[in-house]
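1. how would this look folded up:
(2 chains)
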Amino acid sequence: MNLLYLPWLEMAIAVAMAGAPAISLLRDPNRAYRWGLAFTGLKFSCAFLAWLAFALGVPAEEAARRSVQPYMFGRTLFALDELSAPLVPAVALLHFLTVLATARTTRRRFSFSYSLATGAIRLATFSCTEPWVLIALLAAATVPPYVELLNRGRPTRVYALHMAVFVALLVAGWWLVETAGRPESPTATAWWVTVPLLAAILVRCGTVPAHCWVTDWFEHASFGIAMLYVTPLSGVYAAVRLVLPIAPDWVLRGIGLVSLTTAVYAAGMATIQREVRRCYAHLFLSHAALVLVGLELHTELSMTASLCLWFSVILSLGGFGLTLRAVEARFGRLSLTDYHGLYEHAPTLAVCFLLTGLASVGFPGTIGFISTELLVDSAVEASPYVGFGVVAASALNGIAVLRAYFLLFTGARHVSTVSLRIGARERAAVLTLSALILGGGLFPQPGVDSRRRAAEEILLDRAERPLRDAHVRLRDRPLAPPLDGAPGRVPFE
Amino acid sequence: MPDYHQILTFLGMVVVAGPLLLTAVLGVSSLLDWKLSEEATSRMVHAAVTSGLLAAFVILASMLNLGTRHITIDLGNWVVIPHHYHFSVKFIFDRLSVPFAILSFVLSGTIGAFATKYMHRERGFNRFFSLYAIFVLGMIVTSVAGTIETLFAGWELVGLSSALLVAFFQERAAPARNGLWVWVIYRVSDAALLLAAVAMHHLRGEGDFDQLLGAGDWPYEYSAIAPHQALVVGLLLLVAAAGKSALVPFSGWLPRAMEGPTPSSAVFYGALSVHLGAFLLLRVGPLLERSAWLCAAVVAIGLATSVLAYLAGSVQTDIKSALSYASLSQVGLIVAEVGIGLRYVALVHLLGHACLRTLQFVRAPTLLQDYRALENAIGGRLPRADTPWGRLAPRQHHHAWLYRLGLERGYLDSLLRDYAVVPFVRVFRWCDALERAWTDLLSGEASRESDQVKPHFGSIEEFS
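-> Numbers count the residues shown, from 1 in each chain, chains lettered A, B, ... in the order given. Now for the predicted structure:
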């Protein structure tokens, strides 16, 4: 039997689900770290093999034959497709590297069991296409962060309010879609049907004015947990699966406009922040909005650009976050009001900071370059104003990254009697991401091809939905009695 | 037996590969925190620049010998989305790119050799040369770029390395502040170039200069683009060039760039980087010619820069700033020449000026020493001859404003700060305050832990 025929995706989810309760029993942070590392490593390996099987064209039936899903749910709920195939291992890798790079000083604060629990939910979310199951998973994913805030004794109201609104709108939105009946085509969808769903997505993605929960979350959560919760862009996944197939064009244009405003606004906010985490949170918001801009233009080029940018954001902002986390582990939370002079203490962190930060804004030679190029190209094609907005957001993000670099790593050097250089595990984590960022930047074609196929699939789904729904309606319609001896209507089969 | 084109393709690859390999080696060693010895770094710099320079010279000799005026090296599509997009990597060697590439190699090589001595035992020796390698790569890619997208990639590399080199002496806040200012201007310039690139791509379906600028060899191409389209794209390119070459209204960054070490000031802001905008305008010359308004704008900006730089340079009190403004006044003239259509004149002016200015910058520190020695020897100040312009200039009191205009560097920095940066910051700080009020209201308490973060982290030992 081929090793790749095994249901690796389920195993990845199962490993994470088994690991979370097991680690929660451990009281010693170092033991929890070791076990957490083992479980997340195993989870990533399984996720990687699942992607490998998909990429090598192993028939899905082979994994389905060995799957336990039909026994548990009666059908296959979790499977990879063109969209999710690279996202699942990327998210698993980010989880693994975050755990790997957890410094001794922060192990007590970082919850390994919650990390595994959210990891399991995230993998399940990203491999699910069933609307109600997806909604349930998105709702479930909001719980561990709330518990994290409670455990840390931090204010929860901003987060809880936004997430309650998100879940309520999501459930109500899809219920409306179901009860109003699937429209014949996206253009025939009534506006009031999609509004709650849209609002839910905008809240989850942190679109202005419903974005404050993201900055508040970064204020109060531990950096690693905060980063892992937002960086995979689950809200964008929900938008692709739930909104894009049914939303009329004008609704998508509306989302695009709001997202573009958010992208520019958040980028502008990132340039004036006085503290590192808030700067990071705004950079993230800007990038999430840029991904949405590309999706809402819904052309093949813009979708490809957007999906490329999504993948790039996971790696580059993930790496950027890990670097900031490593800096925080040494120096505590850092303000952006003074020059800290950290370069001489941690030169590798400084280089990684620049590399990952510039990758996120699309610097040449990095993974973000081609996605930014594609996004600007498709945006200008849609409208010169949209193109200008995207370029402005990108330019402001670049300014924010270099401003943060100068404030953190330049300035008067402080003498330390202990070494503050990057540790071996942190180095492995940031160098892995750096290698992916540079590799994806120098050889972007395979990634672009994969994202183009995913974009085609999504657009095909949007275009064919009316046909499929018509097919279902005709099939389910009762047969009309024959008139005047004419033959009865044959069910569409 | 390889044919003529294969040999030239190989040589063209060497031109780009030398700086690329140098960047890769120095970049990876920085990333891995490997300390290369000064000698090893110097040798690599020497090898990369020499190989590239020799290859460029052989290409030039072949072109002159065979009468070839235009060689294209097409490396194929780097990224392609069928029917929608392609990003081709193409290098062109013509009468503009080859001299500029040779100039880049000659001056970079000279400064590289100078810097190995100048930066000897400096703490940031490896950092300097990593940035230097990125800069050289950016210059070469920009020089020989055959597509606007490739040019943009090189352009960004030059921008980043320049900003980081301005902030090279990073233990003081002023260089970092100036580095950020330079980066902000460069980002504006990059944004304009990116928009121009995309606009050109849409107008012609691809970003190749051959397609954009029409048939013919430089400088005799003829673009078929409509005048109104040329005006829009050309204005974007003019903004990009103005940012990179410190033309009006972005001139304020040039003296700030002198915070960096002398070798970087010499090669980047005195010789190469500051000419990149003029090079861009030379490259897209046929586009400029399609619109009289555009040409007029180029000439006006060039002349305004030249006059302003002359006034500001006349009242500078330190040699590097005086030289930087002298450089800028010439760059303004070169840009005006491009606008008039004197492309060969502009190219020769550019090449000569870059060499002269590099020499002056490199000589500047020792010149001061020599002056001091001379003055000590004669026991007084050296006699100072008035310039012809100085003799002609009226000395009445009411012309003090002219002096002040020069001293304040045309108020350009103040204008940008007061009418662009300060309102921008105020608006977003106001939004930030609104966000704070909103989250405080929702939380029912003070919601920002970040407010408790001290401006400085205090003793490092507390956190280690």
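
2. gap between stretch A:408-426 and the chain center?
-> When C-alpha coordinates are averaged (CA atoms, centre = their mean, to the nearest Å), stretch A:408-426 and its chain have centres 31 Å apart.

3. swap in stretch A:226-246?
-> On CA atoms, centre = their mean, the centre of stretch A:226-246 falls 6 Å from that of its chain.

4. can you check stretch B:209-224 too?
-> With CA atoms, centre = their mean, you get 25 Å for stretch B:209-224.

5. how long is it from one end to the other?
-> 12 Å (CA to CA, to the nearest Å).

6. can you tell if it touches chain A?
-> No. Stretch B:209-224 lies out of reach of chain A by CB under 8 Å from any CB of the partner chain, never closer than 15.3 Å. In this view, the C-beta of every residue, glycine as well, is placed from N, C-alpha and C.

7. buried ones in that stretch?
-> Buried positions in stretch B:209-224, judged by neighbour count with 16 or more other CB atoms under 10 Å in any protein chain shown: B:209, B:210, B:211, B:212, B:213, B:214, B:218, B:219, B:221, B:223.

8. same deal with stretch B:119-126?
-> Buried-residue list, stretch B:119-126, by 16+ other CB under 10 Å: B:119, B:124, B:125, B:126.

9. Can you tell me what sits against that stretch?
-> A:344, B:26, B:29-30, B:35-36, B:38, B:41, B:128-129, B:168, B:170, B:261, B:263 (CB atoms under 8 Å, 6 or more residues apart in numbering or on different chains).

10. ok so, going back, quick one: which of the buried residues of stretch B:119-126 is nearest to residue B:240?
-> Closest approach between the buried residues of stretch B:119-126 and residue B:240, by CB to CB: residue B:124, at 29.9 Å.

11. Against residue B:175, how distant is that closest one?
-> The gap separating residue B:124 from residue B:175 is 11 Å, by CB to CB, to the nearest Å.

12. and for those two, which residues touch both?
-> With CB under 8 Å, 6+ apart as the test, residue B:124 and residue B:175 both reach residue B:168.

13. residues touching residue 382, list them.
-> With no chain named, the answer covers chain A. Counting by CB under 8 Å, 6+ apart, residue A:382 has contacts A:297, A:299, A:302.

14. Chain B, not that one
-> Contacts of residue B:382 by CB under 8 Å, 6+ apart are B:371, B:374, B:375.

15. Spatially nearest residue to the second one, not counting backbone neighbours?
-> Leaving aside its sequence neighbours, residue B:374 sits nearest to residue B:382 (CB to CB, 6 or more residues apart in numbering or on different chains; 6.1 Å).

16. Phi first, then psi, for that neighbour.
-> phi -70, psi 140 (degrees, to the nearest 10).

17. Can you check the pLDDT for it?
-> Looking at residue B:382, its pLDDT reads 79.

18. how near is it to residue B:365?
-> For residue B:382 relative to residue B:365 (CB to CB), the value is 18 Å.

19. repeat for residue A:215
-> Taken as CB to CB, the span from residue A:215 to residue B:365 is 48 Å.

20. So between those two, which is more surrounded?
-> residue A:215 (28 against 12; other CB atoms under 10 Å in any protein chain shown).

21. which sections of the stretch 1-150 of chain B are below the confidence cut-off?
-> B:1-2 (pLDDT under 70).

22. Now do the helices in it.
-> Counting by DSSP state H, counting those that start in this stretch, the stretch 1-150 of chain B has these helices, from start to end: B:4-31, B:38-66, B:97-118, B:125-144, B:148-166.

23. So what's the residue count around the residue in the stretch 151-300 of chain A positioned nearest to chain B?
-> Of all residues in the stretch 151-300 of chain A, residue A:275 sits closest to chain B, at 3.7 Å by CB to the nearest CB. Residue A:275 has 21 neighbours, counted by other CB under 10 Å.

24. Pretty sure residue B:170 sits against residue A:343.
-> Yes. Between residue B:170 and residue A:343 there is a contact under CB atoms under 8 Å: 6.1 Å.

25. Pull up the overlap in contacts between these two.
-> With CB under 8 Å, 6+ apart as the test, residue B:170 and residue A:343 both reach A:409, A:410.

26. Quick check on residue A:68: phi, psi?
-> Note on residue A:68: backbone dihedrals following degrees, to the nearest 10 are phi -90, psi 0.

27. Without its sequence neighbours, what residue ends up closest to it?
-> Ranked by CB to CB, 6+ apart and with sequence neighbours excluded, the top spatial neighbour of residue A:68 is residue A:10, at 6.6 Å.

28. returning to what we had before: may I see the contacts of residue A:382 organised as a markdown table, with secondary structure, distance to chain B and pLDDT added?
-> What follows is those, written out as a markdown table (DSSP: H, G, I helix; E, B strand; the rest coil; distance: CB to the nearest CB, whole Å; pLDDT from 0 to 100):
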| residue | secondary structure | distance to chain B | pLDDT |
| --- | --- | --- | --- |
| A:297 | helix | 13 | 88 |
| A:299 | coil | 8 | 89 |
| A:302 | helix | 10 | 93 |
